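Enquirer: Give me a model of this one.
(4 chains)
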Number of protein chains: 2
Amino acid sequence: MDTPPPGPGPRVLVVDDDRTVAEVVTGYLNRAGYEVEQVEDGPAALERAAARKPDLVVLDLMLPGMDGLEVCRRLRARGPVPVIMLTARGDEDDRILGLEIGADDYVTKPFSPRELVLRVESVLRRSQASAPRPRPGSLLRAGGLTVDPAARRATKNGTELALTVREFDLLTFFLRHPGRAFGREELMREVWGWDFGDLSTVTVHVRRLRGKVEDDPATPRLVQTVWGVGYRLDAEPAPGSETVHSPAPEQEPASAPDLVDGDVHGERAPRP
Amino acid sequence: MDTPPPGPGPRVLVVDDDRTVAEVVTGYLNRAGYEVEQVEDGPAALERAAARKPDLVVLDLMLPGMDGLEVCRRLRARGPVPVIMLTARGDEDDRILGLEIGADDYVTKPFSPRELVLRVESVLRRSQASAPRPRPGSLLRAGGLTVDPAARRATKNGTELALTVREFDLLTFFLRHPGRAFGREELMREVWGWDFGDLSTVTVHVRRLRGKVEDDPATPRLVQTVWGVGYRLDAEPAPGSETVHSPAPEQEPASAPDLVDGDVHGERAPRP
DNA sequence: CCGTCGACGTCCGTGTTTCGTAAGGACCTC
DNA sequence: GAGGTCCTTACGAAACACGGACGTCGACGG
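Expert: Predicted coordinates for the structure are as follows:
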């Protein structure tokens, strides 16, 4: 794919039959730290690009002989090289074609060389830094799970999970507070936003979540049941402790940022 | 914006210390229906321009006293007035600088007065056509889609799409935030600019957009429905296809490249 | 001036998905 | 073993997304 340019800097291939324009552009790009090669027609461009793959091509649309569009097409056919088109202003048809073929940007003549440099930098940045990647955002992960709250996506070992709204919110909440135990009341308050309600709702949703998240829902390893208290997300499989259900004393609630005093003592009796 | 009325005609300020050149140019421009003023040096040009703002300036690069470039710079500092530079052939450096400063066009001496008139007309035409900003486009793309916000054009796999205003704005917004889920409320706020309103409006427009953008609108691949939440543009096929532990080093790339205008969403109607 | 057309916002009917609750059984703790 | 807690299943109701259709408004052309 991208060959990290060794010494000089990214290679830019400038294709323009107008000597003046080519010189100007080359000068600016050189000063901006690029290694510039300069050709005057399509065939030469293709040849040059084949000989030494450039990191970016600045391509005039109007070329003698082979059309700039054709050149672009052929360049693209070989590999995903970024292309910036130089077009005459008002040549809307050409602009359209430029878009179609897949130029990454275009600049209309006459143009400011400085602007061109900016665009080169911009295109180069976005094409090599994160070309196919839109934006990961802040991800939550634990176990084999990955949750992207912004995209509202969740994956388990790389495969996407089809979670419902409640399931997703529940899982996200757990991932935001791993290792801590939460009572059903607390979960209902934090995830559902209710101060009352049938607590079995929480139970059912935890089960449904387990069904999609756990390898073996019968013996959960991520969403643990804390007997008499509620649930807890175990991010890492506790090493050493082999006991399945360890009634070990719960860790200090200490001072969690959010639901500090949420400890439920008395009134957790659904009353059967 | 407003078409220069035929009466007085657009005002052109000609700045050249060479009397002969100035006269010739003035003559031609006059005959072409322009109202021409003529000065011989930089300070006079600035003064004249300040007194009565010209629609265009024809500026010689080589001026006694103040450099033509400096004049251009100062003119530009006051407002977006179109400038055509007169340069000596071979004055490549000057040409470079001229373009850099932001001349809209240039003509090399010796030149045909008729050509100059043509260029004046051309520049004038396009400067009043796209008065606010002749900014070139920065392209957005994802999937087989390409959107040029500046030109307000969109293509799908090379064929141009006939999108309405709303559809275009909606698509553009999605492309600017790929991979993120947005609720209808949010979309209504961001794309429509409303804080209230029937949310089904969003639904309907998403459907219409899909009808034009998706290969199979019944099973969308680009504009995904996030149940109970809203919609999301999926640029990539979806993670977790093959590679399980891909070397994906998730990071935080800045979203806005640089030249891309903020999040100004087109020209929005005031609201009926 | 009127008729046509396109864009837009709204409304309705329908099929599907999701949610909350109930009820019975299994399990844990004491 | 008893009592309480948790799991599982099932089901009706509500929420939701979607497609179709309608009425309005403005632009355009006759």
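
Enquirer: Residue of the stretch 101-250 of chain A nearest DNA strand D, please.
Expert: Closest contact between the stretch 101-250 of chain A and DNA strand D, by CB to the nearest atom of the strand, is at A:Thr225 (3.7 Å). In this view, the C-beta of every residue, glycine as well, is placed from N, C-alpha and C.

Enquirer: and that residue, which of the three is it?
Expert: Per DSSP: H, G, I helix; E, B strand; the rest coil, the local secondary structure of A:Thr225 is strand.

Enquirer: Near DNA strand C, which residues of chain A are found?
Expert: Counting by CB under 7 Å from any atom of the strand, chain A comes close to DNA strand C at A:162, A:164-167, A:192, A:197-198, A:200-201, A:204-205, A:208, A:227, A:245, A:247.

Enquirer: quick one: which of those is nearest to B:Val58?
Expert: Distance to B:Val58 across the residues of chain A next to DNA strand C (CB to CB) is lowest for A:Val165, with 64.3 Å.

Enquirer: So that closest one sits against B:Val229, correct?
Expert: Yes - contact criterion CB atoms under 8 Å: A:Val165 and B:Val229 qualify, at 6.5 Å.

Enquirer: When these two are compared, which one has more neighbours?
Expert: Between A:Val165 and B:Val229, counted using other CB atoms under 10 Å in any protein chain shown, the more crowded position is B:Val229 (15 against 12).

Enquirer: quick one: that one and DNA strand C, what's the gap?
Expert: The gap separating B:Val229 from DNA strand C is 10 Å, by CB to the nearest atom of the strand, to the nearest Å.

Enquirer: Could you pull up the contacting residues of that residue?
Expert: Contact partners of B:Val229, counting by CB atoms under 8 Å, 6 or more residues apart in numbering or on different chains, are A:152, A:165, B:181, B:183.

Enquirer: again, but for A:Gln38
Expert: Listed by CB under 8 Å, 6+ apart, the contact partners of A:Gln38 are A:13-16, A:22-23, A:26.

Enquirer: Which residue, other than its chain neighbours, is closest to it?
Expert: A:Val14 (4.7 Å; CB to CB, 6 or more residues apart in numbering or on different chains).

Enquirer: Show me what the one you found bridges to in the sheet.
Expert: Using DSSP bridges, the beta-bridge partners of A:Val14 come out as A:Gln38, A:Val58.

Enquirer: how many other residues sit next to it?
Expert: With other CB under 10 Å as criterion, A:Val14 counts 27.

Enquirer: I'd say it and A:Glu37 touch.
Expert: Yes - here A:Val14 reaches A:Glu37: they are 7.0 Å apart, a contact under CB under 8 Å.

Enquirer: So which residues of the stretch 101-250 of chain A form strands?
Expert: In the stretch 101-250 of chain A, the strands defined using DSSP state E, counting those that start in this stretch lie at A:105-109, A:140-142, A:145-148, A:153-156, A:159-160, A:181-183, A:223-226, A:230-233.

Enquirer: Name every strand pairing with the second one and say which way it goes.
Expert: Spelled out, it's strand A:140-142. With DSSP bridges as the criterion, the sheet partners recorded for strand A:140-142 are strand A:145-148 (antiparallel).

Enquirer: now do the last one
Expert: Strand A:230-233 pairs in its sheet with strand A:181-183 (antiparallel), strand A:223-226 (antiparallel), by DSSP bridges.

Enquirer: for chain A, longest helix please?
Expert: helix A:113-128 (DSSP state H).

Enquirer: Distance from the chain centre to it, please.
Expert: Remark: helix A:113-128 is offset 21 Å from the chain centroid, using CA atoms, centre = their mean, to the nearest Å.

Enquirer: What of stretch A:70-86?
Expert: Put simply, stretch A:70-86 sits 25 Å off its chain's centre (CA atoms, centre = their mean).

Enquirer: do the same with stretch A:26-36
Expert: On the basis of CA atoms, centre = their mean, stretch A:26-36 sits 31 Å off its chain's mean C-alpha point.

Enquirer: For it, list every residue counted as buried.
Expert: Neighbour-count burial for stretch A:26-36 flags A:26, A:28-29, A:32, A:34-36 (criterion: 16 or more other CB atoms under 10 Å in any protein chain shown).

Enquirer: For stretch A:206-224, report the contacting residues that lie outside it.
Expert: Contacts of stretch A:206-224 (CB under 8 Å, 6+ apart): A:142-143, A:145, A:156, A:161-164, A:167, A:170-171, A:174, A:231-234, A:237, A:244.

Enquirer: Only whichever of these are buried, select them in PyMOL.
Expert: Burial among those is assessed by 16+ other CB under 10 Å; the matching PyMOL selection reads:
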select buried, chain A and resi 142+143+145+156+161+163+167+170+171+174+231+232+233+234
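
Enquirer: is stretch A:141-160 anywhere near DNA strand D?
Expert: No - using CB under 7 Å from any atom of the strand, stretch A:141-160 stays clear of DNA strand D, coming no nearer than 11.2 Å.

Enquirer: gap between the two ends of that stretch?
Expert: 14 Å (CA to CA, to the nearest Å).

Enquirer: for that stretch, what is the average pLDDT?
Expert: Averaged across stretch A:141-160, the pLDDT comes to 94.

Enquirer: Can you give me the buried ones in that stretch?
Expert: A:142-143, A:145-156, A:158.

Enquirer: gap between it and the chain center?
Expert: That offset, for stretch A:141-160, works out to 12 Å (CA atoms, centre = their mean).

Enquirer: returning to what we had before: just put the contacts of A:Gln38 in JSON lines and tack on pLDDT.
Expert: Putting the contacts of A:Gln38 into JSON lines (pLDDT from 0 to 100) gives the following:
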{"residue": "A:Leu13", "pLDDT": "96"}
{"residue": "A:Val14", "pLDDT": "96"}
{"residue": "A:Val15", "pLDDT": "95"}
{"residue": "A:Asp16", "pLDDT": "93"}
{"residue": "A:Ala22", "pLDDT": "88"}
{"residue": "A:Glu23", "pLDDT": "86"}
{"residue": "A:Thr26", "pLDDT": "91"}
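
Enquirer: any idea which of those residues has the most stuff around it?
Expert: A:Val15 (29 neighbours).

Enquirer: right, and that one touches A:Met62 too?
Expert: No - the pair A:Val15 and A:Met62 does not pass the contact test of CB under 8 Å, sitting 10.8 Å apart.

Enquirer: Give the intersection of the neighbour lists for the two.
Expert: A:Gly68.

Enquirer: just to revisit the earlier point, quick check: the two most widely separated of the buried residues of stretch A:141-160?
Expert: A:Gly143 and A:Ala150 (20.7 Å).

Enquirer: Give me the distance between A:Phe196 and A:Met188.
Expert: Going from A:Phe196 to A:Met188 by CB to CB, to the nearest Å gives 8 Å.

Enquirer: ugh, wrong one, I meant A:Val107
Expert: Look at A:Val107 and A:Met188: by CB to CB, they are 57 Å apart.

Enquirer: More neighbours: A:Phe196 and A:Met188, which one.
Expert: Neighbour count, other CB under 10 Å: between A:Phe196 and A:Met188, A:Met188 has more, with 20 against 8.

Enquirer: any chance of the buried residues of stretch A:26-36 in TSV, plus distance to chain B?
Expert: Below are the buried residues of stretch A:26-36 laid out as TSV (distance: CB to the nearest CB, whole Å):
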residue	distance to chain B
A:Thr26	11
A:Tyr28	8
A:Leu29	12
A:Ala32	13
A:Tyr34	16
A:Glu35	20
A:Val36	15
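
Enquirer: Among these, name the ones in strands.
Expert: Using DSSP state E, the members of those that fall within strands are A:35-36.

Enquirer: Now render the buried residues of stretch A:26-36 as CSV, adding distance to A:Ser127.
Expert: Formatted as CSV, those follow (distance: CB to CB, whole Å):
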residue, distance to A:Ser127
A:Thr26, 21
A:Tyr28, 20
A:Leu29, 16
A:Ala32, 17
A:Tyr34, 14
A:Glu35, 17
A:Val36, 18
